[in-house]
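S.K.: predicted structure and sequence below. I'll ask about it afterward.
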Amino acid sequence: MRAVVTGSSGFLGRAFARHLLRLGAEVVGLDLVPGPPEWETRLADLSRPGDWTGALVGADLVVHTAARVGEVGTSAQFRAQTVESTRRVVAASADAGRLLHLSSIVVHGRAFPDPCPEHHPVQPTGNPYTDTKIASEHAVLQAMAAGRVRASVIRPGDVYGPGSRQWTVRAVEMLQAGTFALVDGDRGVLSPVFVDDVVGGGLAVADHPAGQGEVFHVTGGAGVTPRVFFGHYARMAGVRLRSVPPGVARAAAPLVAGAFKLVGKAPPLSGRTLEYVTHPGTYSIQKAADLVGWRPGVGLDEGMRRTEAWLRAEGLLEAKRDSGDGGD
């Protein structure tokens, strides 16, 4: 099998590429920056025309993970790197066997039934990350409906594990620096999913005939409170979790984000991050179980055990400073 992975130098792109290699696939990566030596990486700006489209011709599988992520960037940058790149990848995938597009659970916004099914309407929020995820997903769905591409869409949850900057490394760095706090004690729900389950769920969807033309949530299957999730990292780091009132957190977020944008770095606290940790609700994964027979295989405790082993191997955990139990 020949597989093309866009965004192959990023977190999820690398995870898909490495797994496909283990399955015996020939892997070609497309990215703005060089990747690891295990597979061929062709440097490409997917938002612009280029000879990179030739890599997709005759591919058995295209995994489209490329998108702008993080908190820093203009709306134009988000649209180019998320929406325009998706449109071009979709067009170039017309002759490919299958296209797997990675969207996100954030497309449902902040008002939805619990658990939220895939068919619940998406909800723009004004956040460029969320809104461009919606627009890029729409581009894939339009092409699928018109018969221009054979594709599936997955909406991963809060992806943590080895290599995750957003849900692993940043949290540990902030805890160790003393800049992390829960918002309003233990309010809110997260939908964590271990990175290996995103890869396994995505490939199960792409490989199954019933997955074609469909959209699937891919999460760990259970919502957890911020205290439970981040408490694992606090235990690893040997620190205690602090809590701040939601009003204080939201008031501080724009000031902190603005200061970090001046130096071109991702802020440790942002309105978008606060939306995640203060919003109640989970996402149903029953559709994946019913149609393609997929269920997550890595529970939170096991996922965090593997994550801790990786963090220690990478030297990202400092020596423990106290034996706090994760309480306030």
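M.R.: Arrived safely. Residues are numbered from 1 along each chain as shown.
S.K.: quickly note the distance from the nearest residue to residue 90 once chain neighbours are set aside to residue 116.
M.R.: Counting by C-beta to C-beta, 6 or more residues apart in numbering, residue 90 lies nearest to residue 143, which is 4.7 Å off, once chain neighbours are set aside. For every residue, glycine as well, the C-beta is placed using N, CA and C. Distance of residue 143 to residue 116, given as C-beta to C-beta, to the nearest Å: 24 Å.
S.K.: got a list of what residue 289 touches?
M.R.: Residue 289 makes contacts with residue 295, as judged by C-beta atoms under 8 Å, 6 or more residues apart in numbering.
S.K.: the strand or helix carrying it: what's the following helix or strand?
M.R.: Element membership for residue 289, per DSSP states H and E: helix 286-292. Downstream of helix 286-292, the next assigned helix or strand under DSSP H and E is helix 300-313.
S.K.: pull out the buried positions in that next one.
M.R.: 300, 303-304, 307-308, 310-311 (16 or more other C-beta atoms under 10 Å).
S.K.: equivalent analysis for stretch 79-91, please.
M.R.: 79-90.
S.K.: could I get those as CSV with secondary structure, pLDDT and distance to residue 3?
M.R.: Converted to CSV, those look like this (DSSP: H, G, I helix; E, B strand; the rest coil; pLDDT from 0 to 100; distance: C-beta to C-beta, whole Å):
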residue, secondary structure, pLDDT, distance to residue 3
79, helix, 93, 27
80, helix, 92, 25
81, helix, 92, 22
82, helix, 94, 21
83, helix, 97, 23
84, helix, 97, 23
85, helix, 97, 18
86, helix, 98, 18
87, helix, 98, 21
88, helix, 98, 18
89, helix, 98, 14
90, helix, 98, 17
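S.K.: which one of those residues is nearest residue 224?
M.R.: residue 82 (27.8 Å; C-beta to C-beta).
S.K.: hmm, the closest one is touching residue 132, no?
M.R.: Yes. With contact defined as C-beta atoms under 8 Å, residue 82 counts as touching residue 132 (4.0 Å).
S.K.: overlap in contacts of these two?
M.R.: 67-68.
S.K.: okay, residue 271: pLDDT?
M.R.: Here the pLDDT value assigned to residue 271 is 51.
S.K.: repeat that for residue 73.
M.R.: Per-residue confidence (pLDDT) for residue 73: 79.
S.K.: over to residue 226?
M.R.: 89.
S.K.: that one and residue 183 touch, don't they?
M.R.: Yes. The pair residue 226 / residue 183 is scored as a contact, 7.3 Å apart, by C-beta under 8 Å.
S.K.: flag the shaky bits of this protein, pLDDT-wise.
M.R.: 70-71, 184-186, 246-280, 319-328 (pLDDT under 70).
S.K.: one more time with 80
M.R.: Scanning the chain for pLDDT under 80 picks out the ranges 70-73, 183-187, 244-280, 319-328.
S.K.: all strands of it, in order?
M.R.: 2-6, 26-31, 40-43, 61-64, 98-102, 151-156, 158-160, 181-183, 192-194, 215-218, 242-244 (DSSP state E).
S.K.: so for residue 315, which of the ones you listed sits nearest?
M.R.: Of the strands of the chain, nearest to residue 315 by C-beta to C-beta is strand 158-160, at 18.7 Å.
S.K.: quick one: strands adjacent to the closest one?
M.R.: strand 192-194 (parallel) (DSSP bridges).
S.K.: need the contact partners of the partner strand.
M.R.: For strand 192-194, using C-beta under 8 Å, 6+ apart, the contacting residues are 156-161, 167, 218-220, 224, 229, 296, 298, 300, 302-303, 306-307.
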